[in-house]
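Participant: Return a 3D structure for these sequence lines:
(one chain, ligands or ions: 1)
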Amino acid sequence: MFSSCDWFTGSARFKPSEQVKLPIVGSSGNFTSYFGAMKWISKANSILHEGYTKHKNRAFKIAQLDRWRVIISGQELIEELRKAPDDNMSLEEALGEVLKYSLGQQLLDNTYHIHVLRTQLTRNLDSVFPDVKDEIMTAFEEIIPSSDNWVSVNALETFMKIVTRVSNRVFVGLPVCRDPEYIRLNMEYTKQVVKVAILVALTPCFLRPLVGRLFSPVNSGVSCAMKHLGPMIDDRVRKYALHGSAYPNKQNDLLSWLIEKAQGSEQEARNICIRVLAVNMAAIHTTSMTFTHAMFHLASKRQFIAPMREEVENVIKQDGWTKTAMSKLHKVDSFLKETLRFTGLSSLSISQIALQDYTFSDGTFIPKGTMVSAAAGAIHHDKGVYENANTFDGFRFSGFREQDGENLKHQMVSTSHDYLSFGHGRHACPGRFFAANELKAMLAHVLLTYDFRMEIDGIRPLDTGIFANTLPDPKARMLFRRRIVQ
Ligand code: HEM
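Facilitator: Presented below is the predicted three-dimensional model:
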(Lines give C-alpha, C1' and ligand atoms only; values in the text may rest on other atoms or scores of the structure.)
Protein backbone atom coordinates (compact mmCIF):
# COMPACT_ATOMS: atom_id res chain seq x y z
CA MET A 1 0.00 0.00 0.00
CA PHE A 2 1.36 3.42 -0.85
CA SER A 3 2.33 6.01 1.67
CA SER A 4 1.45 9.68 1.36
CA CYS A 5 3.30 11.25 -1.50
CA ASP A 6 5.09 8.08 -2.58
CA TRP A 7 3.71 8.42 -6.08
CA PHE A 8 6.96 6.74 -7.27
CA THR A 9 9.38 8.38 -4.86
CA GLY A 10 7.76 10.39 -2.17
CA SER A 11 9.05 12.96 0.24
CA ALA A 12 10.60 11.47 3.37
CA ARG A 13 8.60 13.76 5.67
CA PHE A 14 5.40 11.77 5.05
CA LYS A 15 4.73 8.81 7.28
CA PRO A 16 3.46 5.48 5.92
CA SER A 17 -0.26 5.18 5.32
CA GLU A 18 -0.61 2.29 7.81
CA GLN A 19 -0.37 4.97 10.51
CA VAL A 20 -3.59 6.55 9.27
CA LYS A 21 -5.72 3.92 11.04
CA LEU A 22 -9.12 4.74 9.60
CA PRO A 23 -11.73 2.93 7.55
CA ILE A 24 -10.98 3.10 3.83
CA VAL A 25 -13.62 4.08 1.30
CA GLY A 26 -12.88 2.84 -2.22
CA SER A 27 -10.12 0.33 -2.96
CA SER A 28 -7.38 -0.57 -0.49
CA GLY A 29 -4.87 -3.10 -1.87
CA ASN A 30 -1.52 -2.14 -3.34
CA PHE A 31 -2.68 -2.24 -6.96
CA THR A 32 -6.31 -1.43 -6.26
CA SER A 33 -5.49 1.66 -4.22
CA TYR A 34 -3.90 3.14 -7.37
CA PHE A 35 -7.00 2.04 -9.24
CA GLY A 36 -9.11 3.73 -6.55
CA ALA A 37 -6.97 6.82 -6.88
CA MET A 38 -7.65 6.95 -10.63
CA LYS A 39 -11.37 6.61 -9.89
CA TRP A 40 -11.04 9.69 -7.68
CA ILE A 41 -10.51 11.81 -10.83
CA SER A 42 -14.01 11.23 -12.20
CA LYS A 43 -15.97 9.74 -9.29
CA ALA A 44 -14.85 11.79 -6.31
CA ASN A 45 -18.34 13.02 -5.48
CA SER A 46 -19.85 9.54 -5.29
CA ILE A 47 -16.84 8.19 -3.32
CA LEU A 48 -17.25 11.02 -0.81
CA HIS A 49 -20.97 10.49 -0.58
CA GLU A 50 -20.49 6.76 0.08
CA GLY A 51 -17.90 7.50 2.78
CA TYR A 52 -20.10 10.11 4.43
CA THR A 53 -23.13 7.81 4.48
CA LYS A 54 -21.11 5.05 6.17
CA HIS A 55 -19.02 7.20 8.52
CA LYS A 56 -21.04 10.36 9.19
CA ASN A 57 -19.63 12.53 12.03
CA ARG A 58 -16.44 10.46 12.04
CA ALA A 59 -13.36 10.16 9.84
CA PHE A 60 -12.50 7.89 6.91
CA LYS A 61 -9.72 7.84 4.34
CA ILE A 62 -9.68 7.72 0.58
CA ALA A 63 -6.95 6.93 -1.93
CA GLN A 64 -5.50 9.66 -4.10
CA LEU A 65 -2.57 9.19 -6.47
CA ASP A 66 -0.03 10.84 -4.21
CA ARG A 67 -1.45 10.29 -0.74
CA TRP A 68 -4.27 9.19 1.51
CA ARG A 69 -6.72 11.92 2.30
CA VAL A 70 -8.66 11.88 5.56
CA ILE A 71 -12.24 13.11 5.29
CA ILE A 72 -14.11 14.38 8.33
CA SER A 73 -17.66 15.56 9.03
CA GLY A 74 -19.81 16.57 11.99
CA GLN A 75 -19.81 19.73 14.08
CA GLU A 76 -17.22 18.55 16.61
CA LEU A 77 -14.52 17.44 14.19
CA ILE A 78 -15.03 20.38 11.83
CA GLU A 79 -14.93 22.96 14.62
CA GLU A 80 -11.80 21.28 15.94
CA LEU A 81 -10.12 21.32 12.53
CA ARG A 82 -10.88 24.99 11.94
CA LYS A 83 -9.60 25.94 15.38
CA ALA A 84 -6.38 23.92 15.13
CA PRO A 85 -3.41 26.35 15.17
CA ASP A 86 -1.53 27.03 11.91
CA ASP A 87 1.62 25.30 13.15
CA ASN A 88 -0.45 22.15 13.63
CA MET A 89 -2.78 22.13 10.63
CA SER A 90 -1.82 24.24 7.63
CA LEU A 91 -3.90 25.44 4.68
CA GLU A 92 -0.81 27.01 3.08
CA GLU A 93 0.90 23.64 3.15
CA ALA A 94 -2.17 21.99 1.58
CA LEU A 95 -2.37 24.59 -1.19
CA GLY A 96 1.39 24.55 -1.59
CA GLU A 97 1.46 20.82 -2.32
CA VAL A 98 0.52 21.50 -5.93
CA LEU A 99 0.41 25.28 -6.28
CA LYS A 100 4.08 25.75 -5.40
CA TYR A 101 4.97 24.14 -8.74
CA SER A 102 2.31 25.86 -10.85
CA LEU A 103 2.20 29.25 -9.11
CA GLY A 104 5.58 29.55 -7.40
CA GLN A 105 6.79 29.44 -3.80
CA GLN A 106 6.92 33.22 -3.31
CA LEU A 107 3.15 33.53 -2.93
CA LEU A 108 3.06 30.84 -0.28
CA ASP A 109 5.97 32.24 1.73
CA ASN A 110 4.46 35.73 2.04
CA THR A 111 0.66 36.05 2.00
CA TYR A 112 0.26 39.78 2.69
CA HIS A 113 -2.18 40.06 -0.26
CA ILE A 114 -4.66 37.91 1.70
CA HIS A 115 -4.51 40.40 4.56
CA VAL A 116 -5.15 43.22 2.07
CA LEU A 117 -8.29 41.43 0.80
CA ARG A 118 -9.55 40.81 4.33
CA THR A 119 -9.03 44.42 5.39
CA GLN A 120 -8.90 47.08 2.63
CA LEU A 121 -11.00 45.33 -0.01
CA THR A 122 -13.77 44.42 2.43
CA ARG A 123 -13.77 47.82 4.16
CA ASN A 124 -13.96 49.65 0.83
CA LEU A 125 -16.97 47.79 -0.55
CA ASP A 126 -19.17 50.84 0.01
CA SER A 127 -16.85 53.33 -1.66
CA VAL A 128 -16.06 51.15 -4.69
CA PHE A 129 -19.71 50.18 -5.26
CA PRO A 130 -20.41 52.95 -7.83
CA ASP A 131 -17.48 51.62 -9.93
CA VAL A 132 -18.74 48.04 -9.58
CA LYS A 133 -22.21 49.06 -10.72
CA ASP A 134 -20.88 51.17 -13.59
CA GLU A 135 -18.72 48.32 -14.85
CA ILE A 136 -21.58 45.81 -14.57
CA MET A 137 -23.83 48.05 -16.71
CA THR A 138 -21.16 48.81 -19.31
CA ALA A 139 -19.80 45.28 -19.54
CA PHE A 140 -23.22 43.61 -19.88
CA GLU A 141 -24.36 46.12 -22.52
CA GLU A 142 -21.17 45.63 -24.56
CA ILE A 143 -20.99 41.86 -24.20
CA ILE A 144 -24.74 40.98 -24.21
CA PRO A 145 -26.44 43.92 -25.99
CA SER A 146 -30.03 44.22 -24.76
CA SER A 147 -31.73 43.97 -28.15
CA ASP A 148 -35.35 43.14 -29.03
CA ASN A 149 -34.16 39.90 -30.62
CA TRP A 150 -32.84 36.95 -28.69
CA VAL A 151 -29.00 36.88 -28.55
CA SER A 152 -27.32 33.51 -27.95
CA VAL A 153 -24.11 33.42 -25.87
CA ASN A 154 -21.82 30.79 -24.41
CA ALA A 155 -22.79 31.28 -20.76
CA LEU A 156 -19.61 30.46 -18.83
CA GLU A 157 -17.21 32.27 -21.16
CA THR A 158 -19.45 35.34 -21.36
CA PHE A 159 -19.96 35.58 -17.60
CA MET A 160 -16.25 35.05 -17.04
CA LYS A 161 -15.41 38.03 -19.28
CA ILE A 162 -17.90 40.19 -17.39
CA VAL A 163 -16.66 39.04 -13.97
CA THR A 164 -13.05 39.71 -15.03
CA ARG A 165 -13.93 43.25 -16.09
CA VAL A 166 -16.01 44.04 -13.03
CA SER A 167 -13.49 42.59 -10.58
CA ASN A 168 -10.59 44.34 -12.24
CA ARG A 169 -12.38 47.69 -12.13
CA VAL A 170 -11.73 47.35 -8.38
CA PHE A 171 -8.37 45.57 -8.67
CA VAL A 172 -6.60 47.82 -11.20
CA GLY A 173 -9.14 50.41 -12.41
CA LEU A 174 -9.90 51.98 -15.80
CA PRO A 175 -8.84 51.65 -18.58
CA VAL A 176 -6.83 48.44 -18.02
CA CYS A 177 -9.84 46.50 -16.69
CA ARG A 178 -11.43 46.82 -20.17
CA ASP A 179 -8.34 45.90 -22.20
CA PRO A 180 -9.13 42.69 -24.14
CA GLU A 181 -5.56 41.38 -23.83
CA TYR A 182 -5.50 41.99 -20.07
CA ILE A 183 -8.89 40.26 -19.69
CA ARG A 184 -7.71 37.30 -21.75
CA LEU A 185 -4.50 37.12 -19.69
CA ASN A 186 -6.43 36.78 -16.44
CA MET A 187 -8.92 34.27 -17.80
CA GLU A 188 -6.18 32.12 -19.38
CA TYR A 189 -3.70 32.44 -16.50
CA THR A 190 -6.14 30.79 -14.13
CA LYS A 191 -6.93 27.99 -16.58
CA GLN A 192 -3.21 27.42 -17.12
CA VAL A 193 -2.45 27.34 -13.38
CA VAL A 194 -5.29 24.83 -12.83
CA LYS A 195 -4.09 22.67 -15.76
CA VAL A 196 -0.52 22.65 -14.45
CA ALA A 197 -1.79 21.91 -10.91
CA ILE A 198 -3.71 18.87 -12.27
CA LEU A 199 -0.67 17.79 -14.29
CA VAL A 200 1.48 18.12 -11.16
CA ALA A 201 -1.00 16.03 -9.13
CA LEU A 202 -0.76 13.29 -11.78
CA THR A 203 3.06 13.44 -11.93
CA PRO A 204 5.43 11.39 -9.72
CA CYS A 205 6.80 13.54 -6.91
CA PHE A 206 10.42 13.60 -8.13
CA LEU A 207 9.36 15.02 -11.51
CA ARG A 208 7.12 17.77 -10.12
CA PRO A 209 9.74 20.56 -9.96
CA LEU A 210 10.60 19.86 -13.62
CA VAL A 211 6.94 19.90 -14.71
CA GLY A 212 6.50 23.18 -12.80
CA ARG A 213 9.55 24.74 -14.49
CA LEU A 214 8.42 23.62 -17.94
CA PHE A 215 4.75 24.51 -17.74
CA SER A 216 4.20 27.14 -15.03
CA PRO A 217 2.48 30.19 -16.57
CA VAL A 218 4.00 32.60 -14.02
CA ASN A 219 6.86 34.03 -16.11
CA SER A 220 4.86 34.58 -19.29
CA GLY A 221 1.85 35.84 -17.27
CA VAL A 222 3.95 38.35 -15.36
CA SER A 223 5.61 39.63 -18.57
CA CYS A 224 2.20 40.30 -20.08
CA ALA A 225 0.84 41.85 -16.85
CA MET A 226 3.92 44.11 -16.68
CA LYS A 227 3.05 45.51 -20.11
CA HIS A 228 -0.33 46.66 -18.77
CA LEU A 229 0.45 47.45 -15.14
CA GLY A 230 4.23 48.03 -14.89
CA PRO A 231 4.38 51.80 -15.70
CA MET A 232 1.29 52.46 -13.55
CA ILE A 233 2.80 50.62 -10.56
CA ASP A 234 6.16 52.42 -10.92
CA ASP A 235 4.36 55.77 -11.03
CA ARG A 236 2.29 55.02 -7.93
CA VAL A 237 5.29 53.64 -5.99
CA ARG A 238 7.16 56.89 -6.77
CA LYS A 239 4.25 59.06 -5.59
CA TYR A 240 3.79 56.92 -2.48
CA ALA A 241 7.50 57.31 -1.61
CA LEU A 242 7.29 61.10 -2.11
CA HIS A 243 3.98 61.95 -0.44
CA GLY A 244 2.98 58.97 1.70
CA SER A 245 -0.35 57.16 1.50
CA ALA A 246 -2.45 60.28 0.83
CA TYR A 247 -0.76 61.31 -2.44
CA PRO A 248 -2.75 63.49 -4.87
CA ASN A 249 -5.23 61.70 -7.21
CA LYS A 250 -4.61 58.36 -5.52
CA GLN A 251 -6.82 55.62 -6.95
CA ASN A 252 -8.85 53.59 -4.49
CA ASP A 253 -8.09 50.11 -5.83
CA LEU A 254 -6.31 46.87 -5.00
CA LEU A 255 -3.15 48.03 -6.76
CA SER A 256 -2.82 51.01 -4.40
CA TRP A 257 -3.61 48.90 -1.32
CA LEU A 258 -0.99 46.29 -2.32
CA ILE A 259 1.67 48.95 -2.94
CA GLU A 260 1.05 50.40 0.54
CA LYS A 261 1.33 47.07 2.33
CA ALA A 262 4.23 45.61 0.31
CA GLN A 263 7.57 45.54 2.10
CA GLY A 264 11.00 45.86 0.45
CA SER A 265 11.33 44.02 -2.85
CA GLU A 266 7.64 43.13 -2.78
CA GLN A 267 7.04 46.72 -3.95
CA GLU A 268 8.78 46.00 -7.26
CA ALA A 269 6.33 46.09 -10.16
CA ARG A 270 7.01 42.46 -11.12
CA ASN A 271 6.15 41.25 -7.62
CA ILE A 272 2.99 43.37 -7.42
CA CYS A 273 1.94 41.84 -10.77
CA ILE A 274 2.36 38.33 -9.30
CA ARG A 275 -0.08 39.28 -6.50
CA VAL A 276 -2.62 40.84 -8.89
CA LEU A 277 -2.56 37.70 -11.04
CA ALA A 278 -2.94 35.51 -7.94
CA VAL A 279 -5.94 37.48 -6.65
CA ASN A 280 -7.52 37.28 -10.09
CA MET A 281 -6.91 33.57 -10.03
CA ALA A 282 -8.73 33.16 -6.73
CA ALA A 283 -11.55 35.51 -7.78
CA ILE A 284 -12.49 35.00 -11.40
CA HIS A 285 -13.24 31.31 -11.88
CA THR A 286 -14.93 30.91 -8.52
CA THR A 287 -17.18 33.93 -9.08
CA SER A 288 -17.98 33.25 -12.74
CA MET A 289 -18.71 29.56 -12.18
CA THR A 290 -20.98 30.45 -9.25
CA PHE A 291 -22.81 33.01 -11.40
CA THR A 292 -23.15 30.46 -14.23
CA HIS A 293 -24.52 27.80 -11.84
CA ALA A 294 -26.99 30.39 -10.50
CA MET A 295 -28.15 31.45 -13.98
CA PHE A 296 -28.59 27.78 -15.02
CA HIS A 297 -30.76 27.22 -11.92
CA LEU A 298 -32.75 30.37 -12.54
CA ALA A 299 -33.37 29.73 -16.23
CA SER A 300 -34.61 26.23 -15.47
CA LYS A 301 -36.65 27.08 -12.33
CA ARG A 302 -38.46 30.18 -13.48
CA GLN A 303 -40.75 30.42 -10.43
CA PHE A 304 -37.92 32.27 -8.62
CA ILE A 305 -37.65 35.08 -11.19
CA ALA A 306 -40.74 37.20 -10.40
CA PRO A 307 -40.25 37.38 -6.59
CA MET A 308 -36.60 38.36 -7.02
CA ARG A 309 -37.45 41.01 -9.64
CA GLU A 310 -40.01 42.47 -7.26
CA GLU A 311 -37.49 42.50 -4.41
CA VAL A 312 -34.81 44.19 -6.53
CA GLU A 313 -37.26 46.83 -7.84
CA ASN A 314 -38.49 47.69 -4.34
CA VAL A 315 -35.06 47.85 -2.75
CA ILE A 316 -33.51 49.90 -5.57
CA LYS A 317 -36.47 52.30 -5.49
CA GLN A 318 -35.80 52.90 -1.80
CA ASP A 319 -31.98 52.84 -1.58
CA GLY A 320 -30.76 53.27 -5.18
CA TRP A 321 -27.86 51.19 -6.52
CA THR A 322 -25.80 51.13 -3.32
CA LYS A 323 -24.00 48.65 -1.15
CA THR A 324 -26.79 49.16 1.43
CA ALA A 325 -29.34 48.10 -1.18
CA MET A 326 -27.33 44.94 -1.90
CA SER A 327 -27.45 44.00 1.79
CA LYS A 328 -31.27 44.22 1.68
CA LEU A 329 -31.64 41.78 -1.24
CA HIS A 330 -32.44 38.81 0.98
CA LYS A 331 -34.04 36.68 -1.71
CA VAL A 332 -31.20 37.27 -4.17
CA ASP A 333 -28.67 36.51 -1.42
CA SER A 334 -30.55 33.35 -0.53
CA PHE A 335 -30.74 32.22 -4.15
CA LEU A 336 -26.96 32.56 -4.53
CA LYS A 337 -26.31 30.85 -1.21
CA GLU A 338 -28.59 27.97 -2.22
CA THR A 339 -26.65 27.77 -5.51
CA LEU A 340 -23.43 27.36 -3.53
CA ARG A 341 -25.03 24.77 -1.25
CA PHE A 342 -26.65 22.77 -4.02
CA THR A 343 -23.93 23.08 -6.68
CA GLY A 344 -20.91 24.12 -4.61
CA LEU A 345 -17.74 24.37 -6.66
CA SER A 346 -15.98 21.75 -4.54
CA SER A 347 -17.18 18.80 -2.46
CA LEU A 348 -14.26 19.36 -0.10
CA SER A 349 -13.51 22.29 2.17
CA ILE A 350 -11.08 23.51 4.85
CA SER A 351 -8.36 21.23 3.45
CA GLN A 352 -5.29 21.28 5.66
CA ILE A 353 -2.08 19.30 6.08
CA ALA A 354 -0.95 18.17 9.53
CA LEU A 355 2.47 19.70 10.23
CA GLN A 356 2.68 17.61 13.41
CA ASP A 357 0.95 14.45 14.59
CA TYR A 358 -2.55 15.47 15.67
CA THR A 359 -5.23 13.63 17.65
CA PHE A 360 -8.87 14.74 17.45
CA SER A 361 -10.89 14.66 20.69
CA ASP A 362 -12.71 11.50 19.50
CA GLY A 363 -9.29 9.77 19.35
CA THR A 364 -8.82 9.97 15.55
CA PHE A 365 -5.05 10.04 15.04
CA ILE A 366 -3.70 12.09 12.13
CA PRO A 367 0.01 11.52 11.47
CA LYS A 368 2.18 14.43 10.36
CA GLY A 369 1.96 14.96 6.59
CA THR A 370 -1.66 13.79 6.24
CA MET A 371 -4.14 15.89 4.26
CA VAL A 372 -7.47 16.39 6.08
CA SER A 373 -10.63 17.85 4.49
CA ALA A 374 -14.29 18.30 5.41
CA ALA A 375 -16.94 16.54 3.29
CA ALA A 376 -18.66 19.81 2.31
CA GLY A 377 -20.72 18.46 -0.60
CA ALA A 378 -22.08 15.48 1.33
CA ILE A 379 -22.95 17.70 4.32
CA HIS A 380 -24.73 20.18 2.03
CA HIS A 381 -26.85 17.32 0.66
CA ASP A 382 -27.58 15.61 3.99
CA LYS A 383 -31.31 15.47 4.74
CA GLY A 384 -30.48 15.50 8.44
CA VAL A 385 -28.82 18.90 8.03
CA TYR A 386 -31.03 20.54 5.38
CA GLU A 387 -34.71 19.73 4.98
CA ASN A 388 -35.37 18.41 1.47
CA ALA A 389 -31.64 18.65 0.91
CA ASN A 390 -31.84 17.28 -2.62
CA THR A 391 -34.34 19.91 -3.74
CA PHE A 392 -33.13 23.31 -4.93
CA ASP A 393 -35.06 25.80 -2.80
CA GLY A 394 -33.93 29.29 -3.87
CA PHE A 395 -35.55 31.05 -0.91
CA ARG A 396 -34.56 28.50 1.74
CA PHE A 397 -32.27 30.96 3.54
CA SER A 398 -34.32 34.16 3.12
CA GLY A 399 -37.14 32.30 4.84
CA PHE A 400 -34.91 31.62 7.87
CA ARG A 401 -33.76 35.26 7.91
CA GLU A 402 -37.28 36.47 8.66
CA GLN A 403 -37.14 34.73 12.06
CA ASP A 404 -35.99 36.69 15.13
CA GLY A 405 -32.22 36.76 15.66
CA GLU A 406 -31.58 34.63 12.55
CA ASN A 407 -30.81 37.38 10.04
CA LEU A 408 -27.00 37.35 9.95
CA LYS A 409 -26.56 33.60 10.40
CA HIS A 410 -28.22 32.78 7.08
CA GLN A 411 -26.46 35.34 4.89
CA MET A 412 -24.50 34.02 1.96
CA VAL A 413 -21.18 35.12 3.52
CA SER A 414 -21.79 33.52 6.96
CA THR A 415 -19.82 30.30 7.15
CA SER A 416 -20.56 27.45 9.58
CA HIS A 417 -19.80 23.75 10.07
CA ASP A 418 -22.75 22.91 7.81
CA TYR A 419 -22.24 25.62 5.18
CA LEU A 420 -18.71 25.31 3.88
CA SER A 421 -18.73 26.76 0.36
CA PHE A 422 -16.38 29.57 1.42
CA GLY A 423 -14.47 27.41 3.91
CA HIS A 424 -14.88 28.10 7.61
CA GLY A 425 -12.69 29.68 10.28
CA ARG A 426 -9.43 31.62 10.06
CA HIS A 427 -8.85 30.81 6.42
CA ALA A 428 -12.42 31.23 5.19
CA CYS A 429 -12.39 32.95 1.81
CA PRO A 430 -11.15 36.54 2.35
CA GLY A 431 -12.82 37.65 -0.91
CA ARG A 432 -16.32 36.41 -0.06
CA PHE A 433 -17.77 39.80 0.94
CA PHE A 434 -16.58 41.26 -2.35
CA ALA A 435 -17.79 38.20 -4.30
CA ALA A 436 -21.25 38.24 -2.68
CA ASN A 437 -21.68 41.94 -3.37
CA GLU A 438 -20.58 41.58 -6.99
CA LEU A 439 -22.74 38.50 -7.60
CA LYS A 440 -25.84 40.14 -6.09
CA ALA A 441 -25.34 43.31 -8.14
CA MET A 442 -24.85 41.25 -11.33
CA LEU A 443 -27.92 39.10 -10.71
CA ALA A 444 -30.03 42.15 -9.82
CA HIS A 445 -28.89 43.87 -13.04
CA VAL A 446 -29.72 40.82 -15.17
CA LEU A 447 -33.17 40.48 -13.54
CA LEU A 448 -34.06 44.09 -14.31
CA THR A 449 -32.49 44.30 -17.77
CA TYR A 450 -33.09 41.02 -19.60
CA ASP A 451 -35.46 38.21 -20.36
CA PHE A 452 -33.38 35.04 -20.54
CA ARG A 453 -33.68 31.31 -21.08
CA MET A 454 -31.56 28.22 -21.69
CA GLU A 455 -30.91 27.31 -25.32
CA ILE A 456 -32.91 24.14 -24.69
CA ASP A 457 -35.71 25.92 -22.89
CA GLY A 458 -36.21 24.98 -19.23
CA ILE A 459 -33.48 22.30 -19.15
CA ARG A 460 -30.51 22.80 -16.82
CA PRO A 461 -27.34 21.56 -18.56
CA LEU A 462 -25.53 18.69 -16.82
CA ASP A 463 -22.62 19.64 -14.57
CA THR A 464 -19.16 18.07 -15.01
CA GLY A 465 -17.40 16.40 -12.08
CA ILE A 466 -13.59 16.45 -12.09
CA PHE A 467 -11.78 15.47 -8.89
CA ALA A 468 -14.04 16.93 -6.18
CA ASN A 469 -15.13 19.87 -8.34
CA THR A 470 -18.57 20.48 -9.85
CA LEU A 471 -18.24 22.63 -12.95
CA PRO A 472 -21.11 24.10 -14.96
CA ASP A 473 -21.27 22.86 -18.58
CA PRO A 474 -18.68 25.05 -20.37
CA LYS A 475 -20.43 24.65 -23.73
CA ALA A 476 -23.98 25.50 -22.60
CA ARG A 477 -25.57 28.51 -24.26
CA MET A 478 -28.16 30.95 -22.97
CA LEU A 479 -30.43 33.36 -24.82
CA PHE A 480 -30.95 36.97 -23.74
CA ARG A 481 -33.14 39.83 -24.99
CA ARG A 482 -34.24 43.21 -23.64
CA ARG A 483 -36.73 42.60 -20.85
CA ILE A 484 -40.35 43.02 -21.82
CA VAL A 485 -42.08 44.40 -18.73
CA GLN A 486 -45.53 42.78 -18.49
C1 HEM B 1 -18.22 32.75 -5.21
C2 HEM B 1 -16.94 33.03 -5.22
C3 HEM B 1 -15.92 32.38 -4.33
C4 HEM B 1 -15.92 31.15 -3.72
C5 HEM B 1 -16.99 30.08 -3.78
C6 HEM B 1 -14.68 31.05 -2.97
C7 HEM B 1 -14.34 29.96 -2.18
C8 HEM B 1 -13.16 29.86 -1.46
C9 HEM B 1 -12.82 28.74 -0.63
C10 HEM B 1 -13.66 27.50 -0.39
C11 HEM B 1 -11.60 29.00 -0.09
C12 HEM B 1 -10.80 28.10 0.86
C13 HEM B 1 -11.15 28.41 2.30
C14 HEM B 1 -10.74 27.31 3.27
O15 HEM B 1 -10.18 26.31 2.84
O16 HEM B 1 -11.01 27.45 4.48
C17 HEM B 1 -11.16 30.28 -0.61
C18 HEM B 1 -9.96 30.86 -0.31
C19 HEM B 1 -9.53 32.03 -0.87
N20 HEM B 1 -10.26 32.90 -1.64
FE21 HEM B 1 -12.15 32.62 -2.30
N22 HEM B 1 -13.95 32.19 -3.15
C23 HEM B 1 -14.67 33.04 -3.97
C24 HEM B 1 -14.30 34.32 -4.38
C25 HEM B 1 -13.12 34.92 -4.08
C26 HEM B 1 -12.75 36.26 -4.49
C27 HEM B 1 -13.64 37.22 -5.27
C28 HEM B 1 -11.48 36.48 -4.02
C29 HEM B 1 -10.62 37.71 -4.14
C30 HEM B 1 -11.09 38.93 -4.27
C31 HEM B 1 -11.06 35.27 -3.31
C32 HEM B 1 -9.83 35.10 -2.70
C33 HEM B 1 -9.46 33.97 -1.97
C34 HEM B 1 -8.14 33.77 -1.39
C35 HEM B 1 -6.94 34.71 -1.53
C36 HEM B 1 -8.18 32.56 -0.68
C37 HEM B 1 -7.05 31.90 0.14
C38 HEM B 1 -7.21 32.24 1.61
C39 HEM B 1 -6.08 31.74 2.50
O40 HEM B 1 -5.16 31.13 1.98
O41 HEM B 1 -6.15 31.99 3.73
N42 HEM B 1 -12.08 34.36 -3.36
N43 HEM B 1 -12.14 30.80 -1.42
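Participant: Going by C-alpha atoms from here, please, whenever you check contacts or count neighbours.
Facilitator: Will do.
Participant: How about the residues of the stretch 351-486 of the chain by the ligand?
Facilitator: 351, 421-424, 427-432, 434-435 (CA under 6 Å from any ligand atom).
Participant: As CSV, these with secondary structure and neighbour count would be great.
Facilitator: As requested, these are exported to CSV (DSSP: H, G, I helix; E, B strand; the rest coil; neighbours: other CA atoms under 10 Å):
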residue, secondary structure, neighbour count
Ser351, strand, 23
Ser421, strand, 30
Phe422, coil, 23
Gly423, strand, 21
His424, coil, 22
His427, coil, 15
Ala428, coil, 19
Cys429, coil, 20
Pro430, coil, 21
Gly431, coil, 21
Arg432, helix, 20
Phe434, helix, 22
Ala435, helix, 21
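Participant: now, among those, which is nearest to Asp319?
Facilitator: Phe434 (19.3 Å; CA to CA).
Participant: so the closest one sits right up against Gln120, yeah?
Facilitator: No - using CA atoms under 8 Å, Phe434 is not in contact with Gln120, being 10.9 Å away.
Participant: Show me how far the lowest-mean-pLDDT helix or strand in the chain is from its chain's centre.
Facilitator: Least confident helix or strand of the chain, by mean pLDDT, DSSP states H and E, is helix 91-102 with a mean of 79. Remark: helix 91-102 is offset 16 Å from the chain centroid, using CA atoms, centre = their mean, to the nearest Å.
Participant: pLDDT averaged over stretch 411-425, what's the number?
Facilitator: If you average the pLDDT over stretch 411-425, you get 97.
Participant: do you know how far the residue most central in space within the chain is from the ligand?
Facilitator: With distances taken as CA atoms, centre = their mean, the chain has Thr286 as the residue nearest its mean C-alpha position (3.7 Å). Distance from Thr286 to the ligand, counting by CA to the nearest ligand atom, to the nearest Å: 4 Å.
Participant: buried sites along whatever helix or strand that residue lives in?
Facilitator: Using DSSP states H and E, the element containing Thr286 is helix 269-300. By 16 or more other CA atoms under 10 Å, the buried positions in helix 269-300 come out as 269-281, 283-300.
Participant: can you check stretch 476-486 too?
Facilitator: 476-483.
Participant: ditto for stretch 181-193
Facilitator: 182-183, 185-187, 189-190, 192-193.
Participant: Also stretch 135-149?
Facilitator: So for stretch 135-149, counting by 16+ other CA under 10 Å, buried means 135-140, 144-146.
Participant: now Ser152: how far from Arg482?
Facilitator: Per CA to CA, to the nearest Å, Ser152 is found 13 Å from Arg482.
Participant: Can you pull the residues of the chain lying near the ligand?
Facilitator: So the chain meets the ligand at 114, 279, 282-283, 286-287, 290, 349-351, 421-424, 427-432, 434-435 (CA under 6 Å from any ligand atom).
Participant: just to revisit the earlier point, flag whichever of the buried residues of stretch 135-149 scores worst on pLDDT.
Facilitator: For the buried residues of stretch 135-149, the pLDDT minimum is Ser146, 94.
Participant: which ones are touching that one?
Facilitator: 449-450, 480-483 (CA atoms under 8 Å, 6 or more residues apart in numbering).
Participant: Report the secondary structure element holding it.
Facilitator: Counting by DSSP H and E, Ser146 is found in no helix or strand.
Participant: Going forward, count from 6.
Facilitator: Okay, residue one is now 6; in that scheme the one you just asked about reads as Ser151.
Participant: For it, what are phi and psi?
Facilitator: phi -80, psi 80 (degrees, to the nearest 10).
Participant: Leu161 versus that one, what's the distance?
Facilitator: 18 Å.
Participant: Now do the strands in the stretch 206-355 of the chain.
Facilitator: Here the stretch 206-355 of the chain has its strands, by DSSP state E, counting those that start in this stretch, at 354-359.
Participant: now the angle between helix 274-305 and the helix or strand Ser172 falls within, please.
Facilitator: Per DSSP H and E, Ser172 falls inside helix 160-176. Interaxial angle, helix 160-176 versus helix 274-305 (axes from the mean of the first three to the mean of the last three CA atoms, to 10 degrees): 140 degrees.
Participant: Going by contacts, tell me the helices and strands next to helix 160-176.
Facilitator: helix 130-148, helix 185-206, helix 259-266, helix 274-305 (3 or more CA pairs under 8 Å, 6 or more residues apart in numbering; DSSP states H and E).
Participant: Please repeat the previous calculation with a cut-off of 6 Å.
Facilitator: helix 130-148, helix 274-305 (3 or more CA pairs under 6 Å, 6 or more residues apart in numbering; DSSP states H and E).
Participant: pLDDT of that helix, averaged?
Facilitator: 98.
Participant: what about this protein, any weak spots by pLDDT?
Facilitator: 6-23, 32-42, 71, 103 (pLDDT under 70).
Participant: so what are the domain limits for it?
Facilitator: Per the TED database, the structural domains of the chain span 6-111+352-386, 115-350+387-487.
Participant: rewinding a little: report how many residues lie close to the residue nearest to the residue nearest to the centre of the chain when sequence neighbours are not counted.
Facilitator: Excluding its sequence neighbours, the residue lying closest to Thr291 (CA to CA, 6 or more residues apart in numbering) is Leu350, at 7.4 Å. Per other CA atoms under 10 Å, the neighbour tally for Leu350 reads 24.
Participant: doesn't Ala473 make contact with Leu350?
Facilitator: No - with contact defined as CA atoms under 6 Å, Leu350 does not reach Ala473; the gap is 8.3 Å.
Participant: Not counting its neighbours along the chain, what's nearest Leu341?
Facilitator: Leu341 sits nearest to Ala299 (CA to CA, 6+ apart), 6.3 Å away.
Participant: tell me the phi and psi of Arg458?
Facilitator: Backbone phi and psi, for Arg458 under degrees, to the nearest 10, turn out to be phi -160, psi 160.
Participant: again with the one 3 residues further on
Facilitator: Note on Ile461: its backbone torsions stand at phi -100, psi 100 [degrees, to the nearest 10].
Participant: That one: neighbouring residues, count only.
Facilitator: Ile461, neighbours per other CA under 10 Å, totals 13.
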